[in-house]
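Colleague: Next come a sequence and a model predicted from it.
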Amino acid sequence: MGNSSGASLEEITTCESHQWYRKFMTECPSGLLTFYEFKKFFGLKNLSEKSNAYVETMFATFDLNDDGFIDFMEYVAALSLVLKGEVQQKLRWYFKLYDVDGSGCIDREELLLIVKSIRAINGSKNEMSAEDFTNMMFDKIDINGDGELSYEEFVEGIRNDEMLLKMLTESLDLTHIIQRIQGELKENY
C-alpha cells in the first residue's frame, strides 16, 4: 500500500477521496484510527481470540509507519489496494498479512491461523477444511519443502495456480466492507 504497493491517491477519483475523507473524519475526528476504532469502523464485534488476532494483523498491515494508528493516507492506500490493486500488489499485501510474526516467511501455523480467522469473520462455509486448504497450499507451492513459504514461493505459486489465486482472492474479498462504507456514505448525502 502507499508507495510500496503502487497504490496512490491519483488512482481514485476526487469524489471518492472526498467521500472517504468525510467517512473517516466522522468516525475518527482525531484523524487517527486506533485498533478499537478500526474494529468498530468495520463492524467487527464479538470476535473470537483467533479472529481478533487476525484483525490485529490486518490493522498492522494497514499501519504503514507502525505508529499504532491508521491515518487518512494509510486508510486511502488500503481502500485503493482493495478496490483497484493489481494482482501483484494484492499478493504482496496477502503475504504481509499471512506472515504474522514478520519473519519474511509463512509457516503452516501462521497460514492455518489466518485461514481460520478469515473464515470466522466472513462466516464462510467452505467445502475444504482450513487444515486441508493449508496443506494443499504448502503441497503446491512450498517448492523447496522446508515447511515455510518465502515471498517468492508464495507469489509465484499463487500466480501460477488459478485455483489457489481464486480461492485466496475470494477468501480475502473485502467488498462487503467497502459496500458498507459506500452505503453509509450515500445515506449521508
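Modeller: Yep, that arrived. Numbering: from 1, shown residues only.
Colleague: And the helices in the chain?
Modeller: With DSSP state H as the criterion, the chain has helices at 2-5, 14-27, 35-41, 49-62, 72-84, 87-98, 108-122, 130-141, 151-159, 162-171, 175-187.
Colleague: With respect to the ones you listed, which exhibits the lowest mean confidence?
Modeller: Per-stretch averages of pLDDT across those put helix 2-5 at the bottom, with a mean of 38.
Colleague: ok, the residue nearest to residue 107 when sequence neighbours are not counted - how many residues close by?
Modeller: Among residues not flanking residue 107 along the chain, residue 148 sits closest, at 5.1 Å (Cβ to Cβ, 6 or more residues apart in numbering). From N, CA and C alone the C-beta is placed, and that goes for glycine too. Residue 148 has 19 neighbours, counted by other Cβ atoms under 10 Å.
Colleague: ok, residue 148 touching residue 109?
Modeller: No - under the criterion of Cβ atoms under 8 Å, residue 148 is not in contact with residue 109, lying 10.5 Å apart.
Colleague: Need the helices of the chain in TSV (columns: mean neighbour count).
Modeller: TSV is the format used below for those (neighbours: other Cβ atoms under 10 Å):
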stretch	mean neighbour count
helix 2-5	14
helix 14-27	14
helix 35-41	16
helix 49-62	18
helix 72-84	20
helix 87-98	19
helix 108-122	19
helix 130-141	17
helix 151-159	18
helix 162-171	14
helix 175-187	12
